[in-house]
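Colleague: Following is a predicted model, sequence given first.
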Amino acid sequence: MAEAEVHDKLLPLDEAVRAFIPDGTRLRGCGIGMRKPMALAYELMRQRKRGLTYLLSGWTEDADLLIGSGCVERLEGSYLGLEAFGLAYCYRRAIEKGIPQRIAIEEYSNFGMTCRFMAAALGLPFMPIRSNLGSDLLNVESFLHPKAHVMDDPFGSGAKVALLPACHADVSVIHAQRCDTDGNTQVWGQTGDDLWGTLAGKRILVTVEEIVPNATIRKDPNRTLVPGFRVDGIVPVPFGAHPYQVQGYYDVDAAFRRDYAERSVTLEGWQMWADEWVYGLDGHAAYLRKLGDPRLAKLRAKRILSGQVNYGY
Amino acid sequence: MATDAAPAAPVEGYARTELMAICAAREIRDGEVAFIGTGLPMLGGMLAKATTAPRCVMVFESGVVDARPKRTPLSIGDACLVPGSLMLGGLLEVFGLLLQPGFVDVGFIGGAQIDKYGNLNTTVIGDYRSPKVRLPGSGGANDIGSLAKRTVIMLKQDARKFVERLDYLTTPGYLDGPGGRERAGLPRGGPSSVITDLGLYRFAPETKEMFLESTHPGVTVDEVRRNVSWDLRVAARVRMTKRPTKRELRALRTKCDPEGIFLGGGG
């Protein structure tokens, strides 16, 4: 039965992480300053995953937590900090002191990572860009050899380009506003490089604010980022990007982010934070209960509705 | 990227961070396309729009074109940048379709270290393999510095930041001097100015070397020199940076950062 098949994709967070993300997975996160896969990151920590390679353009608390908890061994990406809230201290401790373990990063620029994901999504081995030339991003390698290749335009324009290798993920996770039970996934607001990064995944896991009927998707197909036939698993997690924003659903919890930034400066402070908000809770529902309804209600997005367009012909 | 924005002591009715944001706004001409990061550059962009460059188009790297935020964004991906913007895409649209082919007039970037050719380090302090301080890395800075028609660099100044030799070259300025960008294959661009809490610098067209153009009110050339670790060139006649006007200060405080998130005193 088709109906039974589509519902097979729905699963709870802990089962999804067990089924899709074994130790050693090349995992692509999502979001840039918003729609971060925070519920998934917390669950990866609770399941004590090891040896992950985490791929993204702009990492923030998601990567810092996965580094602090020893889940991540390698990174390929371009930025790791807490934006307006300061430096990422688990990242600093790991790189500077090997706490809790040595990690390695292969760094590119944001546009470089976008192009690497795009190459993977398009089924190409590499992508040329005109950025990065002359900088240490091309000169200093960590674990990819070569990490880039500079060449002259073979068609004789005289332009130089840097070829960057495709960045494939074993699993890409996308935190989305809504999808149907088949995984047809819609995202709006800023999309970062989530189109390319998600489709660069051999398997795709959707964590989602809201499951909607297929008819809702079909009413506004321009908003679909990932077609259901590419999606392998769907995990409903309302407030799954907290403390980050999801356009149309909730705002940033700035106090929460500031608290993390302050407490994670020391190893002991970080450990206490992690015990309080991750290890001491048995899942996402407990996390939401601890946040409490009044706090969540305050974060809920106000309504700023789009206009409607005529899809008629 | 996060910008250093600790509250500075008020200088005659305004803080030096405020003057930095105002200097940034003055670098944007009306109608230009400006590529903006968070922190002081964002305030500069918002201020320019509110004062001298109402038709300037602010582009944010996570995909927003011509944002009109109603509050101070905390991140380049802040959802408050979205309502009322002109176009919404992702990194490919702004980096690939606007920046790479040369449609961005001016980009704003910061750094932890800068050298005399305007090259920037936002990656590590110390040896790359075993650094003293691990910093966030390029983010979009390298792309902006590589591909914008010109860049404006903003950072707080001291001799440990204004260095002879970078620990890591994250973002190209003029690389090793005249012809450096062309030899590397960069299609255009280079820094046009550096704004610090002490003064304003530009780059000599022939040597591509940074020189001091003006000192901020209350700052001496000697004080600037003490905070640069190479033999700094200075203009034949170093001017004083134009003080903030009432209009600039009012717009900055009431429209751009009313909660003092980046200017200090709040947030």
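Modeller: Okay, I see it.

Colleague: pull the longest strand from chain B.
Modeller: Looking across chain B with DSSP state E, the single longest strand is strand B:233-240.

Colleague: Can you list the buried residues in that one?
Modeller: Within strand B:233-240, the residues scored as buried using 16 or more other CB atoms under 10 Å in any protein chain shown are B:Val238. No exception for glycine: its C-beta is placed from N, CA and C like everyone else's.

Colleague: who touches that strand?
Modeller: Strand B:233-240 is contacted from outside by B:204, B:209-217, B:221, B:224, using CB atoms under 8 Å, 6 or more residues apart in numbering or on different chains.

Colleague: Scan the residues you listed and report the most crowded one.
Modeller: The residue in these with the most neighbours, by other CB atoms under 10 Å in any protein chain shown, is B:Met210 (26 neighbours).

Colleague: what sits against that one?
Modeller: Going by CB under 8 Å, 6+ apart, B:Met210 touches B:116-118, B:191, B:194, B:201-203, B:232-233.

Colleague: mind checking the SS state of the closest residue in space to A:Leu288 that isn't next to it in sequence?
Modeller: With CB to CB, 6 or more residues apart in numbering or on different chains as the criterion, A:Leu288 has its nearest non-adjacent residue at 5.9 Å, and that residue is A:Phe239. At A:Phe239, secondary structure determined by DSSP: H, G, I helix; E, B strand; the rest coil is coil.

Colleague: Can you give me every residue that contacts A:Phe239?
Modeller: A:Phe239 is in contact with A:39, A:209, A:249-250, A:288, A:291, A:296, A:299, counting by CB under 8 Å, 6+ apart.

Colleague: mind listing the helices for chain B?
Modeller: Along chain B, the stretches classed as helices by DSSP state H are B:16-26, B:40-50, B:91, B:141-147, B:180-184, B:221-226, B:246-251.

Colleague: The third one and chain A in contact?
Modeller: Just to be clear, that refers to helix B:91. Yes - with CB under 8 Å from any CB of the partner chain as the criterion, chain A is reached by helix B:91 at B:Leu91.

Colleague: Please report how far the residue lying closest to B:Lys255 once chain neighbours are set aside lies from chain A.
Modeller: Once flanking residues are discounted, B:Lys255 sits nearest to B:Ala50: 5.1 Å by CB to CB, 6+ apart. As judged by CB to the nearest CB, to the nearest Å, B:Ala50 and chain A stand 21 Å apart.

Colleague: close enough to count as contact, B:Ala50 and B:Arg253?
Modeller: No - counting by CB atoms under 8 Å, B:Ala50 stays clear of B:Arg253, with 11.1 Å between them.

Colleague: I'd like the average pLDDT over stretch A:65-76.
Modeller: Mean per-residue pLDDT for stretch A:65-76: 98.

Colleague: For chain A, what's its nearest residue on the stretch 1-150 of chain B.
Modeller: B:Gly77 (2.4 Å; CB to the nearest CB).

Colleague: Let's verify the nearest residue to that residue once chain neighbours are set aside: helix, strand, or coil?
Modeller: Excluding its sequence neighbours, the residue lying closest to B:Gly77 (CB to CB, 6+ apart) is A:Gly33, at 2.4 Å. Following three-state DSSP, we place A:Gly33 in the coil state.

Colleague: how much space between whatever residue of the stretch 1-150 of chain A ends up closest to chain B and A:Asn222?
Modeller: Residue nearest to chain B within the stretch 1-150 of chain A (CB to the nearest CB): A:Gly33, separated by 2.4 Å. Applying CB to CB, to the nearest Å, the value for A:Gly33 to A:Asn222 is 23 Å.

Colleague: So which of the two has more stuff around it?
Modeller: Set A:Gly33 next to A:Asn222 and count neighbours by other CB under 10 Å: A:Gly33 wins out with 26 against 8.

Colleague: residues in contact with A:Arg116?
Modeller: Here A:Arg116 is in contact with A:76, A:108, A:127, A:164-167 (criterion: CB under 8 Å, 6+ apart).

Colleague: how does it look with 7 Å?
Modeller: A:Arg116 makes contact with A:108, A:127, A:164-167 under the criterion CB atoms under 7 Å, 6 or more residues apart in numbering or on different chains.

Colleague: Could you check the pLDDT of it?
Modeller: Reported pLDDT for A:Arg116: 98.

Colleague: same question, B:Gly264
Modeller: We have a pLDDT of 73 for B:Gly264.

Colleague: That one: neighbouring residues, count only.
Modeller: For B:Gly264, the count of nearby residues is 16 (other CB under 10 Å).

Colleague: That one is in contact with B:Thr17, isn't it?
Modeller: Yes - the criterion here is CB atoms under 7 Å, and B:Gly264 meets it with B:Thr17 at 6.2 Å.
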